[in-house]
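Asker: Quick check, what structure comes out for this input:
(chains A and B)
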Amino acid sequence: MQETRTDPRNPTVHDKLRRLLISQEGVLFLIMLVSVLFLATRTDKFLTVDNLLQQGRFMAEVGLIAIPMTYIIITGGIDLSVGSILGLTAIVLGWTWQELGFPLELAIITGITSGTIAGFVNGLFIVRVGVPPLIMTLATLALYRGLAEGISEARSARGYPEWFFQLGQGELLGIPTQLWLLIIAVIIFAIVLARTRLGRALYAIGNNETGARFSGLTVNRHLLFIYTFSGFMSAVAGYIFVSRVSTTRSDMGTGIELDVIAAVVLGGTSIFGGTGSIPGAIIGVVLIQLLKNGLVLTGVTSDATIVVIGSVLIFAILVNNFIQSRRNEGD
Amino acid sequence: MSKAKSAPIPRRPLHFIGIALALVIIGAYFTLPFVVQPERGPSTVAVLTESKKANELGIFKTGVEVIPLAGLGILLLGIWNVMTPAASRAISLLMSVAGLLVVVYYINFFRDYAADEAAYISSMDSAFWIMLVAGILAILQIAIPRPVPEERYRITKLFGNQESVILFGLLLLIFIVGIANPRFLQERNISDILQGNAYIAVAALGMTMVIVTGNIDISVGSLVGLLAVISGRLVVAGLPSPLAWLIPLFVGAGIGAFIGFLVAYLRIPSIVVTLGMLSIIKGILIIWTAGERVTDMPADYHLSQMRPLGIPMPIIIMVVLTIVVVLWMRYSATGRAFYALGGNAEAARLSGLSQRRLLMTVFTLNGVFVGIASVMYSTQFQIIQVTPPPALELSIITASVVGGVSILGGTGTAIGSTLATLLLNFIRSAMIFINVSPFWLKAVQGLLILATVLADLIRRRRQRL
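Answerer: You can find the predicted model right below:
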């Protein structure tokens, strides 16, 4: 606490620019620019407005879940059940509409509510019973997916009315609808994290939970909120997913938790908690999506792209570790 | 210890009752006639099992194999009782559970056949009745008054760790499902569950060590797939089978050492390294194999199908490795150091332990165990699928965690992770036998994982109070 160095989270105006350049986000952004330019020289199908907007459509779900995941990882927790909550929401939506005869609007609300409750249950057990987040969400990863499988009994619901696809397949002012949603959510929640008491509290919890408790923060309420929030965002992503692919299946979103965590970690959020940002996470999401798409367009098979992405993940963290340790020495 | 010396509990004849009952049960099973067949005369169960002629008698449908298993359990408990008389109250409780397992067979038998014909029951011979009486006695022996045991042998203490809770859960499950559907207890089913999942238990041993040090490895699922294909391709290419079994161990150790290097020397968190490795290995596997499964392995390659001494090889490997790892982690300097590192890294460093070397060791060892698991997996069937079972890493991590390994490091044993693997897969099989809709399997499994974790937390909290 009594360090003579300037606190990296309270920069003076003087070295703000320098900080930005060598911050994790800055480094990552440079990596992204370089790869985009490189990919653009290899194929002319990559750097087109149509293609980029199409990719925006694909990354909305991962991006939306990455927001609460960043919050959770900043507090030192993790949520592995997001993919299962996505699947559960999709199934509840389809099942209440087709089997129970709910109006579609009500079915959407029911689906999102059940996803939110699923997140709330995670939070409740983590906070009240003291189950470590990794274990709790590992158990609900199986449980929620199991509920989805049990409710759906391998039946898929399809045949939605036209207006339902607006969110997943439609456009607003030439930009995919869900991309609007993602952009708005990113702006709001980036500000919440960086500029509000709630956001600061999350960093405090991640750096020193006991300390945060003793300084009078309502740690439990904050944690309960972010896990519920995670359930809600996964549920919204589930709704978008159904709207995009026009059907519900119980295996929707399987493995998305690893994509989300990879993006968040790539974006500079430390898995041990205490540091991280929403812009970083979103750059992580974009970088992964563009790499996937760009490599496929340049003729690399989609299986080889996951090798590249895995390597980029390790390499980016390595570079960042190196830069951050140099920065600490330089200060 | 001093208390034990001041008030020693003398060995009395009643302490030998467990051994006596076990010998009666096992002896009757293997030597005394079980049923009188008009055309063949009296035969023991063991003979009948071999001849497989007795199926029409309905002896096997009701899972008679559970009797010698329970007898073995009673024998072990009886020996324990003689060695530590102070614990006999707690032991007598466990012995009653084993006795109940014997009686399950009879409950099923009478339920299914008593209505048929009284003559059928009258054809049962001495072993049938002797084992029933011995089973009932094994239950009733709990009523024998015993001296109040000293503190550390109280029954509550006996359930003081996750391992015994899981063992008890496993016995209870076998007991309940055995009554609901006797076919669950057939040797074939039990042995199928054990054989089919032994490789998960072996991989969970490595995972347990990794988690004890406070790290995690989520790349194991794809690594099992890669090493299995390497092994299969080598043997198809004409390498002798023993080499094809060994090389995956070395490749696994190499990849494990690489992960360990990134974690220990370049200080990248293990979850990030293995998340990256997960994609890299999976991608390499698919590109390399082009999704083509491996077939036409020579006959002597199928290690998992061998049965030395009549016991399936995977079960032998699982049991031996579990014992080795338990002893090694408990008594070797390195094993103790893993706990120290996971419990308090700073204190471990101050007491002169090299964190880097320990991390290298644990990840390399984990690679070896994944190698063994992958060979057990690849030699199971006549073909090797290039895609390992989906979410295999989650099954492995779940087994370790449910087995009592704290995800924060520092606690947990190998026996817990092996028992948990068995429990999780017995649950899966049991649900099929009691006709749970297959669509709900995963949900019930998730609930049970949650219940186990909660039971562990509540127990720990109570111990703290």
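Asker: what's the neighbour count on residue 105?
Answerer: Picking chain A for this. Residues lying near A:E105 (other CB atoms under 10 Å in any protein chain shown) number 11. Yep, even glycine has a C-beta here, placed from its N, CA and C like the rest.
Asker: sorry, should have said chain B
Answerer: Neighbourhood size, B:Y105 [other CB under 10 Å]: 25.
Asker: What of the one 3 residues further on?
Answerer: Using other CB under 10 Å, the number of residues around B:N108 comes to 23.
Asker: looking at this, it is in a helix?
Answerer: Yes. Using DSSP: H, G, I helix; E, B strand; the rest coil, the assignment for B:N108 is a helix.
Asker: isn't it right up against B:P182?
Answerer: Yes. The criterion here is CB atoms under 8 Å, and B:N108 meets it with B:P182 at 4.2 Å.
Asker: quick one: secondary structure of A:D79?
Answerer: Reduced to three states with three-state DSSP, the structure at A:D79 is coil.
Asker: got a list of what A:S246 touches?
Answerer: For A:S246, the contacting residues are A:R158, A:Y160, A:F165, A:G168, A:Q169, by CB atoms under 8 Å, 6 or more residues apart in numbering or on different chains.
Asker: Let me have these in JSON lines, extended by pLDDT, neighbour count and secondary structure.
Answerer: Shown next, in JSON lines, are the contacts of A:S246 (pLDDT from 0 to 100; neighbours: other CB atoms under 10 Å in any protein chain shown; DSSP: H, G, I helix; E, B strand; the rest coil):
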{"residue": "A:R158", "pLDDT": "78", "neighbour count": "13", "secondary structure": "strand"}
{"residue": "A:Y160", "pLDDT": "78", "neighbour count": "20", "secondary structure": "coil"}
{"residue": "A:F165", "pLDDT": "75", "neighbour count": "16", "secondary structure": "helix"}
{"residue": "A:G168", "pLDDT": "71", "neighbour count": "21", "secondary structure": "helix"}
{"residue": "A:Q169", "pLDDT": "76", "neighbour count": "16", "secondary structure": "helix"}
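Asker: Among the residues you listed, which one sits closest to A:F189?
Answerer: The closest of these to A:F189 turns out to be A:G168 (CB to CB; 21.3 Å).
Asker: The residue nearest to A:I31 when sequence neighbours are not counted sits in which helix or strand?
Answerer: Nearest residue to A:I31, sequence neighbours excluded (CB to CB, 6 or more residues apart in numbering or on different chains): A:A316, at 6.5 Å. Using DSSP states H and E, the element containing A:A316 is helix A:302-330.
Asker: Off-centre distance for that helix?
Answerer: Centroid separation between helix A:302-330 and its chain, computed with CA atoms, centre = their mean, to the nearest Å, is 19 Å.
Asker: Ok, stretch B:264-273 next?
Answerer: 31 Å.
Asker: how long is that stretch from one end to the other?
Answerer: One end of stretch B:264-273 sits 11 Å from the other (CA to CA, to the nearest Å).
Asker: Tell me if it is near chain A.
Answerer: Yes. Using CB under 8 Å from any CB of the partner chain, stretch B:264-273 reaches chain A at B:L266, B:R267, B:I268, B:P269, B:I271, B:V272, B:V273.
Asker: So which elements touch the helix or strand containing the fifth one?
Answerer: By that I understand B:I271. Taking DSSP H and E as the definition, B:I271 sits inside helix B:270-289. Judged by 3 or more CB pairs under 8 Å, 6 or more residues apart in numbering or on different chains; DSSP states H and E, the packing partners of helix B:270-289 are helix A:256-266, helix A:302-330, helix B:220-236, helix B:241-264.
Asker: The last one: which residues count as buried?
Answerer: To tie it back to what came earlier, the one meant is helix B:241-264. Residues of helix B:241-264 classed as buried: B:241, B:244-249, B:251-253, B:255-257, B:259-264 (neighbour count, 16 or more other CB atoms under 10 Å in any protein chain shown).
Asker: With the third one instead?
Answerer: For helix B:220-236, a neighbour-count test (16+ other CB under 10 Å) marks B:220-236 as buried.
Asker: Packing partners of that helix?
Answerer: Helix B:220-236 packs on helix B:187-212, helix B:241-264, helix B:270-289, helix B:355-378, helix B:392-402, going by 3+ CB pairs under 8 Å, 6+ apart.
Asker: now swap in the second one and tell me
Answerer: The contact analysis (3+ CB pairs under 8 Å, 6+ apart) places helix A:302-330 against helix A:24-42, helix A:256-266, helix A:278-297, helix B:270-289.
Asker: Repeat that for the shortest one.
Answerer: On a contact count with 3+ CB pairs under 8 Å, 6+ apart, helix A:256-266 meets helix A:49-74, helix A:82-98, helix A:278-297, helix A:302-330, helix B:270-289.
Asker: What ranges does the stretch 101-250 of chain A have for its helices?
Answerer: Remark: helices assigned in the stretch 101-250 of chain A by DSSP state H, counting those that start in this stretch are A:104-124, A:133-152, A:166-169, A:177-195, A:197-207, A:209-214, A:219-245.
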